[in-house]
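K.L.:
Any chance you could fold what I've pasted below:
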Amino acid sequence: MEPYALYFLCLALFVAGLAYHQKGQDRDEEDLTLALPKDVSKQAEARRFKREYFTVYFLVVSADWIQVSRLLAVVRKLAAC
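P.N.:
Next up, the predicted model:
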């Protein structure tokens, strides 16, 4: 396994552990509604948007991170020539 893949796997497990730990904690109602609309009917829609946005954001950042590691390998190979 390449070092970058191992680093990515460790980071993904760490983030999953943090998310699991945060979900299990009891939070105040004020913390749950932070940065959400005051209108109760729009809160579910805002939560859904945030969840979809961060899912796509995570995928894009991950793809970029993997692409940079591959590009670095190509540059090192070309520099050795």
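K.L.:
E2 versus L9, what's the distance?
P.N.:
10 Å (C-beta to C-beta, to the nearest Å). For glycine as for every other residue, the C-beta is placed from the backbone atoms N, C-alpha and C.
K.L.:
ditto for H21
P.N.:
H21 sits 29 Å away from E2, going by C-beta to C-beta.
K.L.:
go on, V68?
P.N.:
13 Å.
K.L.:
quick one: what helix or strand has the spatially most central residue of the chain in it?
P.N.:
Against the mean C-alpha coordinate of the chain, by C-alpha atoms, centre = their mean, the closest residue is F58 at 3.9 Å. Here F58 sits within helix 40-80, counting by DSSP states H and E.
K.L.:
cool, and K38?
P.N.:
For K38, there is no enclosing helix or strand under DSSP H and E.
K.L.:
ok, how many other residues are close to E52?
P.N.:
Applying other C-beta atoms under 10 Å, we find 10 residues neighbouring E52.
K.L.:
Hmm, I typed the wrong one, I wanted V75.
P.N.:
Once other C-beta under 10 Å is used to define contacts, V75 is seen to have 10 neighbours.
K.L.:
Below-threshold pLDDT in this protein: ranges please.
P.N.:
Along the chain, segments meeting pLDDT under 70 span 1, 24-35.
K.L.:
Cheers, nothing more for now.
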